[in-house]
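>>> Turn this into a structure:
(2 chains)
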Amino acid sequence: MHDQAIIALFEQRNEQAISESEQQYGALCRQVARDITGSKEDAEECLNDAMLAAWNAIPPTKPKNYCAYLLRLVRNAAYNRYCAAHTLKRNAANIAGSIDELAEIIPDRGDVVDEVERREIIGAINEFLQELPQKQRDLFVRRYWYLSDIAALAEMFHMTESHVRKTLSRLRKRLQKYLAKEGLL
Amino acid sequence: MNPKSFLGLMSDISDEYIASAANPHSKSVSWYQVSAIAACIVLLIAAAVYPKLRMHTPEVTEPPAVVTETTVPVTVPTEPIVTTGTAAVSAKAWTTEAKTVLTQTTAAITVYTTAVTAPEETAEQPTETALPDTEAPATEPTRTERPVETTVPKQTETIVSTGLSSTQTTPGTTSAETQPVTVPIWRGSLYPPGLPSDVSEISCTFQLCSSDISDITRKEYGIPQNYDLRKHHCLLIEIQSGYTAVAVLGGELTTEGLILNVAFLDQDSSIARVNCAVPLPDDFTVDPKKCRAENVILTDREQFQEIRVENPVIEMKQ
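Reported below is the predicted structural model:
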């Protein structure tokens, strides 16, 4: 079923919208949540939380890209659960690994990001990603948004793990230069 | 900002990048896909080019099928074809000689006809038709066509044998075992009117083919459509007789000219005729004046069927 049809079901308050969303994007959402939380049970709860959030938001919200919207809800739910728990489970090593990698370029100043700076950083990240080639952009987003592990990325992009690490390292350095140029670091 | 908050900020990047990274497999083209695409392109190019390459290859020059004899009576000829001599009613080989005559048309074409001379042993004295006095010096054969009238020939007995094929052949074919080079004999499928109804003698005319003949003339002499007369030469042969059937048995082409072997069946009065053409090798010049027919006349149909050749050819001898 098309995304617009699913949104129409939400607007009609038809509960079939949930089942259709589950059928269309359930596997991907669970994977994203599992990569962050490291737990299958937690990932299931994150998916349920995301579906509830979508049901409550649509309408009046009418997302242009329902897939990205739903994935964002799942990611936020999973990430919040991770931050609240402060626990690193076996399969959550990738999120810790991502944090360690970003720590190379973003010092831990510990200060709070205000709304203005937040918008500027998000804008800068979007501009940085726009300049990247398709494959490198997908790789960066896959690593730092989906929080996929290195092995999964290597299989997904038909690369070796070493090549994935080197590519991500170059992208981080490039991001660092960009943020520094924008005065955000 | 710290790495953890940065990861939180990453949550708000553009939807387009999130959706794009959701299915990266669909965008990556693996090497085997590229190889398969390249192989398909190569096959398409080969399929397009191969037929054109085949057309340039000389085709197999197998001897064509035997001449199909038909007896077709015709109306009065529009152009007088001067023939001399009569036919002897015996199984004798007749040698004909070529003579140069002018037609009554103003066109500067030279038609070489054969005159049949009666042998001494024949029972009846042949009556010879004198040649016209308007004998003119031979001129170079020019390219003219005979006008074709649309008259319906009267049906007579037809002896059908395996016909000649009109396939294009390259002059100068060598068989697998024999050294002499052979060329096929094409047989025409149309007969223009113009033959007298009371033809009682054998007439065999040779002429070089013009390069700009019509399609009808091509069919008359069995010249394939794809035989380029601008590049190659062709010898036209027209055989007419007052016999039941005629069959071309083959022949020999030398620098002295063409010697055509022809057989006739004499059982009842009729008009047997055949038009045929012989493709000439490019390095072979033929003087129609030096061409002649060696005729055999048989009265027994079975003997006639026996000596008929399935695929008559002309042997080339330098």
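
>>> And the residue of chain A that's closest to chain B?
Chain B sits closest to residue A:68 of chain A, with a gap of 3.4 Å, by C-beta to the nearest C-beta. To be clear about C-beta, it is placed using only N, CA and C from the backbone, and glycine gets the same treatment.

>>> hang on, that residue is in a helix, isn't it?
Yes. The assignment for residue A:68 is a helix, going by DSSP: H, G, I helix; E, B strand; the rest coil.

>>> Identify the residues contacting it.
By C-beta atoms under 8 Å, 6 or more residues apart in numbering or on different chains, the contact set of residue A:68 is B:15-16, B:18-19, B:22.

>>> if I look at residue A:185, how far off is residue A:126?
In this view, residue A:185 and residue A:126 are 17 Å apart by C-beta to C-beta, to the nearest Å.

>>> between the two, who's got more neighbours?
Taking neighbours as other C-beta atoms under 10 Å in any protein chain shown, residue A:185 and residue A:126 compare with residue A:185 leading, 17 against 14.

>>> Could you count how many residues lie near residue B:259?
As a burial measure, residue B:259 scores 18 neighbours (other C-beta under 10 Å).

>>> Likewise for the one 3 residues further on?
Taking other C-beta under 10 Å as the criterion, the count of residues near residue B:262 is 25.

>>> cool, residue B:203 as well?
25.

>>> pretty sure it is touching residue B:240, no?
Yes. Using C-beta atoms under 8 Å, residue B:203 makes contact with residue B:240 at a distance of 4.4 Å.

>>> which regions of the chain lie under the pLDDT threshold?
Here I'm looking at chain A. A:86-94, A:109-112 (pLDDT under 70).

>>> Chain B is the one I meant
B:25-30, B:56-180, B:189-201, B:269, B:318.

>>> Can you name the residue of the stretch 151-300 of chain B nearest to chain A?
Closest point on the stretch 151-300 of chain B to chain A, by C-beta to the nearest C-beta, is residue B:226, at 54.3 Å.

>>> Can you tell me, leaving aside adjacent residues, what's nearest to residue B:299?
Excluding its sequence neighbours, the residue lying closest to residue B:299 (C-beta to C-beta, 6 or more residues apart in numbering or on different chains) is residue B:266, at 5.2 Å.

>>> Distance of that neighbour relative to residue A:133?
For residue B:266, the distance to residue A:133 - C-beta to C-beta - is 93 Å.

>>> and the two? which has more neighbours close in?
Neighbour count, other C-beta under 10 Å: between residue B:266 and residue A:133, residue B:266 has more, with 22 against 8.

>>> Check whether that one really touches residue B:297, as I assumed.
Yes. Applying C-beta under 8 Å, one finds residue B:266 in contact with residue B:297, separated by 5.5 Å.

>>> count of residues packed around the residue of the stretch 151-300 of chain B closest to chain A?
Residue B:226: 9 neighbours (other C-beta under 10 Å).

>>> does it count as helix, strand or coil?
Applying three-state DSSP: residue B:226 is coil.

>>> Next, it: phi, psi?
phi -90, psi 10 (degrees, to the nearest 10).

>>> now the helices for the chain?
This is for chain A. Using DSSP state H, the helices found in chain A span residues A:3-11, A:16-37, A:40-57, A:66-85, A:93-103, A:115-131, A:134-144, A:150-156, A:161-181.

>>> my question was about chain B
Going by DSSP H, chain B shows helices at B:3-10, B:15-22, B:31-56, B:215-221, B:301-307.

>>> Out of the helices of chain A, flag the one nearest residue B:32.
helix A:150-156 (16.4 Å; C-beta to C-beta).

>>> Same question for that closest one: list its buried residues.
By neighbour count on 16 or more other C-beta atoms under 10 Å in any protein chain shown, the buried set for helix A:150-156 is A:150, A:152-154, A:156.

>>> same question, stretch B:265-275
B:265-266, B:270-275.

>>> Could you identify the most distant pair in those?
Going by C-beta to C-beta, the pair spanning the buried residues of stretch B:265-275 furthest: B:266 and B:275, at 20.6 Å.

>>> Could you tell me which residues of chain B lie near chain A?
Taking C-beta under 8 Å from any C-beta of the partner chain as the measure of proximity, chain B contacts chain A at B:1-22, B:24-25, B:27-28, B:30.

>>> Quick one: buried ones out of the residues you listed?
B:1-15, B:17-22, B:24.

>>> what's near enough to touch the residue in chain B positioned nearest to chain A?
Ranking the residues of chain B by distance to chain A (C-beta to the nearest C-beta) places residue B:15 first, at 3.4 Å. By C-beta under 8 Å, 6+ apart, residue B:15 lies in contact with A:63-65, A:68-69, A:72.

>>> repeat that with 6 Å
If you count contacts by C-beta atoms under 6 Å, 6 or more residues apart in numbering or on different chains, residue B:15 has them with A:65, A:68.

>>> Residue A:58: how many residues sit nearby?
Neighbours of residue A:58 (other C-beta under 10 Å): 20.

>>> Spatially nearest residue to residue B:290 (excluding sequence neighbours)?
residue B:257 (2.8 Å).

>>> what's the spacing between that neighbour and residue A:162?
Applying C-beta to C-beta to residue B:257 and residue A:162 gives a distance of 87 Å.

>>> These two: which is more packed in?
residue B:257 (19 against 10).

>>> got the contact list for the residue positioned nearest the centre of chain A?
Closest residue to the average C-alpha location of chain A: residue A:145 at 3.0 Å, with C-alpha atoms, centre = their mean. Residues in contact with residue A:145 (C-beta under 6 Å, 6+ apart) are residue B:10.

>>> Give me the phi and psi for it.
Here residue A:145 shows phi and psi, under degrees, to the nearest 10, equal to phi -110, psi -50.

>>> Around chain B, pick out the residues from chain A.
By the rule C-beta under 6 Å from any C-beta of the partner chain, the part of chain A lying against chain B is A:65, A:67-68, A:71-72, A:75-76, A:99, A:102-103, A:106, A:108, A:113, A:121-122, A:125-126, A:129, A:138, A:141-142, A:144-145, A:156.

>>> Could I get the full set of strands for the stretch 201-318 of chain B?
B:203-208, B:233-241, B:245-254, B:257-265, B:272-280, B:292-298, B:313-316 (DSSP state E, counting those that start in this stretch).

>>> Of these, give the one that comes closest to residue A:83.
Of those, nearest to residue A:83 by C-beta to C-beta is strand B:272-280, at 94.2 Å.

>>> outside of the closest one, which residues touch it?
So strand B:272-280 is in contact with B:67, B:71, B:171, B:183, B:185-188, B:220-223, B:233-241, B:243, B:245-246, B:286, B:314, going by C-beta under 6 Å, 6+ apart.

>>> ditto for stretch A:167-181
Under the criterion C-beta under 6 Å, 6+ apart, residues A:105, A:128, A:140, A:143, A:185 lie in contact with stretch A:167-181.
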